[in-house]
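> turn this into a model:
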Amino acid sequence: MQKKSLAVGVVLALAALVARADITVGVNVSATGPAASLGIPEKNTFALMPTSIAGQKINYIILDDASDTTTAVKNTRKFISENKVDVIVGSTITPNSLAMIDIAAEAETPMISMAASARIVDPANPKVKWVFKTPQNDVQMSTAIVEHMTNAGVKTVAFIGFADAYGEGWSQEFTKIAEARKLKIVANERYNRADTSVTGQVLKILSAKPDAVLIAGSGTPAALPQKTLKEKGYTGKFYQTHGVANMDFMRVCGKDCEGTFLPAGPVLVAGQLPDGNPIKKVALAYVAKYEAAHGKGSTSTFGAHAWDAGLLLANAVPVALKKAKPGSKEFRAALRDALEGLKDVTVSHGIVNMSAQDHLGFDQRARVMVVIENGVWKLLK
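Numbers count the residues shown, from 1 in each chain. Next up is the predicted model:
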């Protein structure tokens with residue numbers, strides 16, 4: 001009788017443990033390699049995340065893919081097969097995020113990317129049913145750049161971008177919008193993230209004599225074409241993408257950054273936003289929290305992409321918990337559905353309204369245009 005009672009007690013204890021199973025979040029960031037200036041603030045931000053949501057404990061397992069696609073795939077497989085995660089957040093960059101999609105979809109595990117390309121959540125791909133993202137699309141940001149160029153009297157543009165999915169996505173989207181607005185693209189060049197010279201590409205751009213140059217890179221490697229163009233005497237307008245919105249880029253580019261225009265998420269200039277902007281309060285809260293841990297001026301838009309992933313989960317998890325317990329296939333499906341159903345969620349980069357056709361959920365409020373003046377970001381009114 002005593003053995004039977006003990007067995008019943010063990011079963012009940014195990015059942016209680018299952019009922020209280022923690023939510024496990026697998027986080028894949030590019031904290032080393034060419035994209036480190038993006039991945040490090042993301043990694044730092046996860047240390048600031050809440051450790052529970054709706055009374056449920058959250059465990060974050062953080063792995064570094066070293067800006068390498070193969071490692072990103074390996075990490076994703078580990079999350080699913082060994083860690084049994086309920087959701088994946090990552091990666092930092094577009095090529096790695098695209099490589100992770102097949103694995104997440106096959107395992108029916110929701111994934112929130114922190115990379116920019118619209119292809120990551122392209123509704124034409126049925127696999128992205130499981131994939132969401134927090135950064136603004138290259139489509140949205142291309143539109144902002146083209147509008148600024150046309151208003152500034154730019155007629156001809158040269159493009160130079162990464163020789164990967166990020167650069168190609170920007171080339172395709174920018175070209176479509178530029179051509180529609182009668183901007184002539186007079187050069188289209190590529191370079192690798194780890195390259196140390198772009199002299200050949202820059203000489204071709206100079207020979208085309210463009211009014212402006214758009215550099216489609218991210219992090220510190222995006223400084224190389226701009227510094228080389230300046231060195232070779234180019235005096236036209238410079239545009240960068242939101243992939244450079246951090247102080248590491250400013251540090252590397254230095255005085256050669258002055259006067260550069262770029263679109264960015266509102267969090268980059270949170271303190272300069274009008275008081276009536278609904279995003280300002282949330283953006284400033286993140287800035288305050290991050291800078292309390294890492295020092296004044298340390299905030300970047302990339303860390304904010306991670307923070308926004310946490311805000312999406314904070315809103316979706318309570319809904320999913322009503323339908324299933326963490327650690328189960330049913331919970332992963334419920335969490336996916338809850339993410340897709342999010343409406344009017346204010347995050348540090350914008351206001352999210354998800355749908356089956358839109359797994360980003362941002363509108364024009366998620367972007368501003370800024371200029372670099374005296375080594376700081378200045379909001380353009």
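> how about the secondary structure of the closest residue to residue 160 other than its chain neighbours?
Leaving aside its chain neighbours, residue 160 sits nearest to residue 189 (4.3 Å; criterion: Cβ to Cβ, 6 or more residues apart in numbering). All C-beta atoms are positioned from the backbone trio N, CA, C, and that covers glycine. Secondary structure, DSSP: H, G, I helix; E, B strand; the rest coil: residue 189 is strand.
> show me what contacts residue 189?
The contact partners of residue 189, by Cβ atoms under 8 Å, 6 or more residues apart in numbering, come to 158-161, 198, 201, 204-205.
> same thing but 10 Å
When contacts are counted by Cβ atoms under 10 Å, 6 or more residues apart in numbering, residue 189 touches 158-161, 163, 167, 171, 198, 200-205, 208, 213, 215, 225.
> and the residues you listed, which are buried?
Buried by 16 or more other Cβ atoms under 10 Å: 158-161, 167, 171, 198, 201-202, 205, 208, 213, 215, 225, out of the contacts of residue 189.
> let me know the closest of the residues you listed to residue 181.
Closest approach to residue 181 among these (Cβ to Cβ): residue 159, at 14.6 Å.
> and what about the closest one, helix, strand or coil?
Residue 159 is classified as strand under three-state DSSP.
> ranges for the strands of the stretch 51-200 of the chain?
52-53, 56-64, 87-90, 111-113, 131-133, 156-162, 184-191 (DSSP state E, counting those that start in this stretch).
> now residue 244, nearest residue through space, not along the chain?
residue 222 (4.8 Å).
> pretty sure that neighbour sits against residue 193.
Yes. Under the criterion of Cβ atoms under 10 Å, residue 222 makes contact with residue 193 at 9.2 Å.
> give me the common contacts of those two.
Common neighbours of residue 222 and residue 193, counting by Cβ under 10 Å, 6+ apart, are residue 162.
> OK, contacts around residue 73?
By Cβ under 10 Å, 6+ apart, the contact list for residue 73 reads 28, 65, 91, 96, 99-100, 102-103.
> quick check: the farthest pair among those?
With Cβ to Cβ as the measure, no two of these lie farther apart than 65 and 102, at 15.6 Å.
> with neighbour numbers in mind, choose between the two.
A direct count of neighbours by other Cβ atoms under 10 Å for residue 65 and residue 102 places residue 65 higher, at 28 against 12.
> measure residue 103 to residue 328 for me?
Distance from residue 103 to residue 328, counting by Cβ to Cβ, to the nearest Å: 19 Å.
> comparing those two, which residue is more hemmed in?
In terms of neighbours (other Cβ under 10 Å), residue 103 is the more surrounded of residue 103 and residue 328; the figures are 21 against 14.
> so what's that one closest to, chain neighbours aside?
Of all residues not flanking residue 103 in the chain, residue 76 sits nearest, at 4.6 Å (Cβ to Cβ, 6+ apart).
> next, the contact list for that neighbour, please.
26, 28, 63, 65, 85, 88, 90-91, 96-97, 99-104, 107, 109, 111.
> are any of these buried, and which?
Applying 16+ other Cβ under 10 Å to the contacts of residue 76, the neighbour count classes 26, 28, 63, 65, 85, 88, 90-91, 96-97, 99-101, 103-104, 107, 109, 111 as buried.
> what sits up against the particular helix or strand that has residue 334 in it?
Element membership of residue 334, judged by DSSP states H and E, is helix 329-340. Helix 329-340 is contacted from outside by 21, 23, 85-87, 104, 107-112, 129-132, 312-313, 315-326, 328, 352, 354-359, 361, using Cβ under 10 Å, 6+ apart.
> extract the CA atoms of it and return them as PDB.
Output of helix 329-340 as PDB, limited to C-alpha atoms (Å, rounded to 0.1, in the frame of the first residue of the first chain):
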ATOM      1  CA  LYS A 329       3.200  21.000 -30.200                       C
ATOM      2  CA  GLU A 330      -0.100  22.500 -29.400                       C
ATOM      3  CA  PHE A 331       1.500  25.400 -27.500                       C
ATOM      4  CA  ARG A 332       3.800  26.200 -30.400                       C
ATOM      5  CA  ALA A 333       0.800  26.300 -32.700                       C
ATOM      6  CA  ALA A 334      -1.200  28.400 -30.300                       C
ATOM      7  CA  LEU A 335       1.800  30.800 -30.000                       C
ATOM      8  CA  ARG A 336       2.100  31.100 -33.800                       C
ATOM      9  CA  ASP A 337      -1.600  31.900 -34.000                       C
ATOM     10  CA  ALA A 338      -1.400  34.400 -31.200                       C
ATOM     11  CA  LEU A 339       1.500  36.200 -32.900                       C
ATOM     12  CA  GLU A 340      -0.400  36.400 -36.100                       C
END
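> count of residues packed around the closest residue to residue 136 other than its chain neighbours?
Leaving aside its chain neighbours, residue 136 sits nearest to residue 366 (5.2 Å; criterion: Cβ to Cβ, 6+ apart). Neighbours of residue 366 under the rule other Cβ under 10 Å: 25.
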